[in-house]
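# okay, predicted coordinates and the sequence, questions at the end:
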Amino acid sequence: MDPLPEKIVCIGAGYVGGPTMAVIAERCPTVEVTVLDQDAVRIAAWNSGHLPVFEPGLAEIVGRARGRNLRFVEQQAGLAALAEADVVFISVQTPTKTEGEGAGKASDLRYVEACARFIAEHARGHTIVVEKSTMPVRAAERIQQVLASNRTGATFTVLSNPEFLAEGTAIRDLLQPDRVLIGGEDAAAVATLQALYAAWVPSERILTTGLWSAELSKLAANAFLAQRVSSINSLSALCERTGAEIAEVSAVVGTDSRIGPKFLKASVGFGGSCFRKDLLSLVYLCEHHGLPEVAAYWQQVVDLNEWQKSRFAAEVAAAAKNRRIAVLGLAFKKDTNDFRESAALQVVRSLLRSGCEVLAYDPQVDGARFISELGISAGFTAVSTARQALAGAGAVAVLTEWDEFRTLTWGEAALAPGATVVDGRGIVDRAAVRQAGRGLRVIGSPPA
Ligand code: NAD
Ligand code: UGA
């Protein structure tokens, strides 16, 4: 087994960089891990008792490694660490481009390229540069070009090591990954990265491929996952028209071992910072390479998701007995404080635009940050308990599957007379809602 690298740096202290480096530092106590970010507020939060990312188990892992072999440092204070690093991970955002060629579809690589320029300027000796961010296939070529332009004599190898963690289960996913993927042609560099992960990941789970296959595999994995959600959501609409129950259909389909039971839960639509942007990136790549039929195939996964969110918002507005709506859940899934691309953004915007007043509760999402992303504040109030949100509401929209929404005491909720609960996750206690005399609509269930 190759020796572990002595010093590693990660640029980007976000939802991926922070938890991933914390786990590497905890599992490899001899490796010095420095995480850099240009956002000084974020770095201060990583160094505080209130971490910027909420993930079950994260605080304990950071607590064990921080100050020992894990440091969170503001970008310019990390130049010495960068110069000495054997391995540098790039873990910055790759959002959808908003202007220029490919706007609305292609991934915006400007943050990645800024990192490459920064590494080219400050790295010394030979450095392994690892794409941790999700990239379009052949993006490594661009990074290699930027790195090659350095004037310091430093040399580089670029590897692709995409991350497969899901938010809410990030620590479990990092500690016991289905697989770690390393793509690259330089055998010595691949072996160094393999040695790092082999400190806790069984060797048969560390897969190696060519660079382009690794880049494309990440987009493909997200596209397949999102496609399953759109597939089940498409059938949820048919269930509502025909009397079939989507939960029963999912359970039956999922018992086929060739299909499997995961990722078949009907919902108000998938959210999160990655599925949409990675699907669009794939669509753009297909168009760019002259494959319009393939592009249209994947575009439909995105379109169906948009339709699911808008039909849910219309259903809530139609069910409301007055203009006051309780929204339960703003995060894009449970156990995270992340609301990027959350269905709640689209549903709440649509309700506010149609003149409703929204009282929203989420156990982890910061209301002020949500409002600033929403772009509309009139009519929206974030409250600190579910009970406050429910008081006087003419309809309740359940948008996130937080465990506490499964056990709400509907008999005690001071809803308006005739109020309806519209469950976008299929999680509420149906008998309790009906016993409390409330109307109920559940995604993928025929009207009772
Ligand atoms: P994020 O927005 O949470 O974090 C990115 C961080 O990079 C920010 O803190 C930002 O300030 C910093 N940054 C940007 N440019 C910088 C620069 N030039 N120098 C220093 N710091 C800089 O993003 P994220 O959710 O961690 O995602 C990062 C990448 O990982 C994306 O490509 C994403 O597609 C991929 N990914 C995300 C997840 C997830 O669950 N969020 C999972 C797998 C893969
Ligand atoms: C997803 C992938 O699962 C990760 O493997 C990947 O690393 C990550 O994207 C990424 O590249 O960012 P994440 O978005 O954090 O992870 O969360 P998921 O559990 O995949 O959920 C995504 C969305 O789909 C959520 O809104 C969730 O509620 C929804 N979903 C998921 C459903 O509606 N039904 C399901 O059955 C599963």
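Looks like it came in fine. Ligands and ions are numbered 1, 2, ... in the order given.

# can you count the residues close to the residue of the stretch 1-150 of the chain found nearest ligand 2?
Ranked by C-beta to the nearest ligand atom, the top residue of the stretch 1-150 of the chain for proximity to ligand 2 is Thr134, at 5.7 Å. Glycine gets a C-beta too; all of them are placed from N, C-alpha and C. Neighbour count for Thr134, taken as other C-beta atoms under 10 Å: 24.

# what's the answer for Gln176, then?
Gln176 sits with 11 neighbouring residues when counted by other C-beta under 10 Å.

# check Leu282 too.
Using other C-beta under 10 Å, Leu282 has 27 neighbouring residues.

# likewise for the one 10 residues further on?
Around Pro292 there are 11 other residues, counting by other C-beta under 10 Å.

# next up, the contacts around it.
Cys286 (C-beta atoms under 8 Å, 6 or more residues apart in numbering).

# confidence score at it?
Looking at Pro292, its pLDDT is 98.

# look up phi and psi at it.
Backbone geometry at Pro292, expressed as degrees, to the nearest 10, gives phi -60, psi -30.

# tell me the spacing between Ala83 and Asn161.
Note on Ala83: its distance to Asn161, by C-beta to C-beta, to the nearest Å, is 22 Å.

# re the thing from before, was I right about the residue of the stretch 1-150 of the chain closest to ligand 2 contacting Ser217?
No. Between Thr134 and Ser217 there is no contact under C-beta atoms under 8 Å: 10.6 Å.

# could you name every residue contacting both of these two?
Common neighbours of Thr134 and Ser217 (C-beta under 8 Å, 6+ apart) are Pro162.

# centre-most residue in this protein?
Geometric centre of the chain, nearest residue: Gly272, 4.3 Å, by C-alpha atoms, centre = their mean.

# distance check, Gln346 against Glu404.
For Gln346 relative to Glu404 (C-beta to C-beta), the value is 23 Å.

# ok, the residue in the chain that ligand 1 sits nearest to - contacts?
Closest to ligand 1 within the chain is Gly14: 1.9 Å, counting by C-beta to the nearest ligand atom. By C-beta under 8 Å, 6+ apart, the contact set of Gly14 is Asp37, Arg42, Val53, Ser91, Val92, Gln93.

# what about 7 Å?
Ser91, Gln93 (C-beta atoms under 7 Å, 6 or more residues apart in numbering).

# over to Gly411?
Taking C-beta under 7 Å, 6+ apart as the test, what Gly411 contacts is Ala432, Gln435, Ala436.

# and it, what pLDDT?
pLDDT recorded at Gly411 is 93.

# where does it land in three-state SS?
helix (DSSP: H, G, I helix; E, B strand; the rest coil).

# then the one 10 residues further on?
Going by three-state DSSP, the secondary structure assigned to Val421 is strand.

# for this protein, which residues are neighbours of ligand 2?
134, 163-167, 222, 225, 229, 263-265, 267, 270-272, 274-275, 332-333 (C-beta under 6 Å from any ligand atom).

# pLDDT wise, what is the nearest residue to Lys97 once chain neighbours are set aside at?
The shortest distance from Lys97 to any non-neighbouring residue, by C-beta to C-beta, 6 or more residues apart in numbering, is to Asp108 (4.3 Å). On pLDDT, Asp108 comes in at 98.

# report the distance from the longest helix seen in the chain to the chain centre.
Of all the segments of type helix in the chain, defined by DSSP state H, the longest one is helix 211-242. Distance of helix 211-242 from the chain centroid (C-alpha atoms, centre = their mean, to the nearest Å) equals 15 Å.

# again with stretch 407-422
Offset of stretch 407-422 from its chain centre (C-alpha atoms, centre = their mean): 31 Å.

# how about that stretch: buried residues?
Within stretch 407-422, the residues that count as buried by 16 or more other C-beta atoms under 10 Å are Leu408, Trp410, Ala413, Leu415, Ala416, Ala419, Thr420, Val421, Val422.

# out of the residues of the chain next to ligand 2, which are inside helices?
Asn222, Leu225, Val229, Phe275.
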